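Participant: Provided below are the primary sequence and the corresponding predicted coordinates.
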Amino acid sequence: MKRLARLLPPALSFAAAVACGPQARPLSVPGPTTAHPAGYSPIDAPPPTAPSVRLLANRTPGAKVVALRVVFLAGSADDPPGKEGLTLLTATTMATSGTATLTYPELLARLYPFAASIDVHVDRDETVFSAEVTEPELAAFYPLLEEVILAPRLDAEGFDRVRAQTTSQLTDDLRGGDDEALGKEALQVLLYQGHPYGHPALGTERGLAASTLADVKAQRARVLCRDRVVVGVAGGFPETFAAKLATDLGALPSCPDGSQRTPLPAPRKLTGFHVLVVDKPSADATAISMGYSYDLTRASTDFPAVAFFTDYLGLHRQSSGRLYEELREKRGLNYGDFAYAEHFEQDGGSTFRLPNVARRQELFSMWLRPVKSRDALFALHAALHEYATTLTHHIPQAEVQRYRTFLTRHTTLEELTPSRRIGYAIDDLTYGLSRPYLDTMHDAWQKLDEATLAAAAERHLQTSDMGVAIVAKDGAALAAALVAGTPPQPPRYDSPRPPEVTAADRDIVRFSVPVSVDNVRVVAASDLFRE
């Protein structure tokens, strides 16, 4: 990672602590008395009388692009009860209602010559404003970003438009058109029932309808404020720009509660398999998401090993994983089968994770999609069978060595862009890592062997207590088959399969997935996220 520099104003706490077990450290952003990560060094701070924000800078003289990230340690987990979706409404209205001096059409007209945009993303614990602009255009572009952050218009017209668009994204896009995303959100509803993570960042129909422009202004003052912000800039910016950026954004009002956040309750503990079936008559295939919450984050010593295990099981959008090989390559069941050691969102059209969606509490998950309705139960059994087999019989030493080479080379590509580099650096601070994340992962992977990998996986991963979310048509029939323990039918292959595949199919059919009637719930897709 290239040289990074940071300003050192007062400490900013990301969380009181995260329940990550004895190996973990609290998620926090280092303050003046905390050692900063290797490769980071202080730059000239503004005068003590001038407020400033914490900033990471990665300057590459001669680079043609400048990437900016303004990350607030606040997200949908900060939505007030009954106002689910308020943080996203607030951030989006800031970005798309104009500024104190520019209407939204005027702002768009000013941005147009730069071929640039000011994007916003809200997750459970973080809200990110991001932009990229060519170096020659930075001087003209930056005042627009500054005004969006410091002096957004927040008018009734902009708020009404954003609320209508967000409601449509929830009801039409998420609930009606994106079964993969719907399944992932349904899994989190199941795992985080009664928890601040238990609703999408988009909110709920009731929460969006109940939120007002006054609520948006109050939420901005409460959580999108100076004590919770970390700013990043990378690329070919002028030498004095980083200090100016930190000083300018220091004009954000301080947070009423300082940097402290309300501690999260522990997620519900599942016993056995719990299933949420989202009945969607229009679904042309079945989407399956499964997993469980656990006490592991990037701050945990065992995280590199567990992430290695899940990537070996099913690296995102790659054909290298065991799930992909068994379900897609050998059986042609579906498009993709992947596994994750932490919450994952894809970064645009890439195959890599989106930076700055750090969470104080994490989950293990597997995704299968899209699966033909007839093969849904078999695919569920097959994925759980492969997961349990890999966990029980371990990853052989030869495979550890082979996959380590591939995975190290593949993940090196994750920092190719300035925006991703600075995003990862902010994540390092958020998790309190003493070294850059990918360096830590690569070093830990070099020390892995079959025994240490198996021991770490067995400490954190399990096969008996799990949530399963299924988006499918005729959900009641699927739920009844699960409760009855009906063995799934093997797939009807279009061409003969090798004997070892059909023999394995018999083992998959016999693989037990015990589901109690008390632990199954069927919900109409149209009723999900209503309140």
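Facilitator: Thanks, I have the structure now.
Participant: I'd like to know how far residue 453 sits from residue 409.
Facilitator: 19 Å (Cβ to Cβ, to the nearest Å). C-beta: built from backbone N, CA, C; applies to glycine.
Participant: these two - which one has more neighbours?
Facilitator: In this view residue 453 and residue 409 are compared by other Cβ atoms under 10 Å, and residue 453 has more residues nearby, 24 against 10.
Participant: nearest spatial neighbour of the more buried one, chain-adjacent residues omitted?
Facilitator: Distances taken as Cβ to Cβ, 6 or more residues apart in numbering put residue 305 closest to residue 453, at 5.3 Å, once the chain neighbours are dropped.
Participant: just the residues contacting the strand or helix carrying the one you found, thanks.
Facilitator: Using DSSP states H and E, residue 305 sits in helix 303-314. Here helix 303-314 makes contact (Cβ atoms under 8 Å, 6 or more residues apart in numbering) with 296-297, 320-324, 337-342, 364, 366, 386-387, 390-391, 395, 399, 403-404, 407, 440-441, 444-445, 448, 452-453, 456-457, 460-461.
Participant: so which of the residues you listed are in helices?
Facilitator: Members of the contacts of helix 303-314 lying in helices (criterion: DSSP state H): 322-323, 386-387, 390-391, 399, 403-404, 407, 440-441, 444-445, 452-453, 456-457, 460.
Participant: list buried residues within the residues you listed.
Facilitator: 322-323, 386-387, 390-391, 403-404, 407, 440-441, 444-445, 453, 456-457, 460 (16 or more other Cβ atoms under 10 Å).
Participant: what ranges do the strands span in the stretch 151-300 of the chain?
Facilitator: Here the stretch 151-300 of the chain has its strands, by DSSP state E, counting those that start in this stretch, at 229-235, 273-279, 286-294.
Participant: what of the stretch 1-150 of the chain?
Facilitator: Using DSSP E, counting those that start in this stretch, the strands of the stretch 1-150 of the chain run over 4-6, 40-42, 54-59, 65-72, 119-122, 127-134.
Participant: would you turn these into TSV with mean pLDDT?
Facilitator: Formatted as TSV, the strands of the stretch 1-150 of the chain follow (pLDDT from 0 to 100):
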stretch	mean pLDDT
strand 4-6	38
strand 40-42	35
strand 54-59	95
strand 65-72	98
strand 119-122	98
strand 127-134	97
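Participant: and those: which comes nearest residue 508?
Facilitator: For residue 508, the closest of these is strand 119-122, at 38.3 Å, according to Cβ to Cβ.
Participant: so which residues make contact with that closest one?
Facilitator: By Cβ under 8 Å, 6+ apart, the residues outside strand 119-122 that reach it are 75-76, 87-88, 91-92, 94-95, 127-131, 201, 354, 356-357.
Participant: same thing with stretch 376-393?
Facilitator: Contacts for stretch 376-393 (Cβ under 8 Å, 6+ apart): 286, 288, 290, 309, 312-313, 322-323, 326-327, 331, 333-334, 337, 339, 366, 368, 371, 457-458, 461, 463, 468, 470, 472, 478, 481-482, 486, 488-491, 507-509, 511, 513.
Participant: can you select the buried ones among these for me in PyMOL?
Facilitator: To isolate the buried ones among the contacts of stretch 376-393 in PyMOL, judged by 16+ other Cβ under 10 Å, type:
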select buried, resi 286+288+290+309+312+313+322+323+326+327+331+333+334+337+339+366+368+371+457+461+468+470+472+478+482+488+490+491+508+509+511+513
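Participant: which helix or strand in this structure has the lowest average pLDDT?
Facilitator: Each helix and strand of the chain was given a mean pLDDT (mean pLDDT, DSSP states H and E); the minimum falls on strand 40-42 at a mean of 35.
Participant: just the contacts of strand 119-122: which are in helices?
Facilitator: Short answer: those in helices (DSSP H) are 87, 88, 91, 92, 94, 95.
Participant: ok, how many other residues are close to the second one?
Facilitator: When counting by other Cβ under 10 Å, one arrives at 28 neighbours for residue 88.
Participant: can you give the distance from stretch 334-341 to the centre of its chain?
Facilitator: Centroid separation between stretch 334-341 and its chain, computed with Cα atoms, centre = their mean, to the nearest Å, is 15 Å.
Participant: from the ones in helices among the contacts of strand 119-122, which is closest to residue 261?
Facilitator: Closest to residue 261, out of all of those and judged by Cβ to Cβ, is residue 87, at 12.7 Å.
Participant: which residues does that closest one contact?
Facilitator: Residues counted as contacts of residue 87 (Cβ under 8 Å, 6+ apart) are 74, 75, 76, 78, 79, 122, 127, 201, 219, 223, 224.
Participant: what is the neighbour count of the nearest residue to the last one once chain neighbours are set aside?
Facilitator: Once its chain neighbours are removed from consideration, residue 224 has its nearest residue in residue 72; the separation is 5.0 Å (Cβ to Cβ, 6+ apart). Counted with other Cβ under 10 Å, the burial measure for residue 72 works out to 29 neighbours.
Participant: right, and residue 72 touches residue 130 too?
Facilitator: No: with contact defined as Cβ atoms under 8 Å, residue 72 does not reach residue 130; the gap is 12.0 Å.
Participant: name whatever forms a beta bridge with the residue nearest to residue 224.
Facilitator: Residue 72 forms beta bridges with residue 127, residue 229, as assigned by DSSP bridges.
Participant: look up how far residue 250 lies from it.
Facilitator: As defined by Cβ to Cβ, residue 72 lies at a distance of 14 Å from residue 250.
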